[in-house]
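K.L.:
Sequence and predicted model, in that order:
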Amino acid sequence: MIRGKGLFTCDECKTVFKGLDIEYMVSAFSAPLECPRCHSYHTRPLLSSKMVYKRIWEAHDQNTQP
């Protein structure tokens, strides 16, 4: 579900960007978005906990590796 737009930050290159706030797997969390600068998916809403998103990034990385 799309919840509007929000500010996101990239954990890799520290870029702050605006993107669609999309619900992550029927939860209160936002889905990581692709960073427009470095193309990493290690992104999170600007004011969210990095600890929570580390688990989400790990799951995403496991599902996208060849």
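P.N.:
Cool, the structure landed.
K.L.:
what sits against the spatially most central residue of the chain?
P.N.:
Taking C-alpha atoms, centre = their mean as the criterion, Pro32 is the residue nearest the geometric centre of the chain, at 2.0 Å. Applying C-beta atoms under 8 Å, 6 or more residues apart in numbering, we find Pro32 in contact with Tyr24, Tyr41, His42, Thr43, Arg44, Tyr53, Ile56, Trp57, His60. Heads up, the C-betas are built off the backbone N, CA and C, glycines and all.
K.L.:
For this structure, name the helix or strand with the lowest mean pLDDT.
P.N.:
Least confident helix or strand of the chain, by mean pLDDT, DSSP states H and E, is helix 50-64 with a mean of 91.
K.L.:
Longest strand in this structure, please.
P.N.:
Using DSSP state E, we find that the single longest strand of the chain is strand 2-10.
K.L.:
What residues of that strand count as buried?
P.N.:
By neighbour count with 16 or more other C-beta atoms under 10 Å, strand 2-10 contains the buried residues Gly6, Phe8, Thr9, Cys10.
K.L.:
same check, this time on stretch 50-64
P.N.:
Applying 16+ other C-beta under 10 Å to stretch 50-64 flags Tyr53, Ile56, Trp57, His60 as buried.
K.L.:
did I read that right, Val26 in a strand?
P.N.:
No. Counting by DSSP: H, G, I helix; E, B strand; the rest coil, Val26 is not part of a strand but coil.
K.L.:
Share the number of residues neighbouring it, please.
P.N.:
7 (other C-beta atoms under 10 Å).
K.L.:
on that earlier part again, distance check, the residue nearest to the centre of the chain against Phe8.
P.N.:
Remark: distance between Pro32 and Phe8 (C-beta to C-beta, to the nearest Å) = 8 Å.
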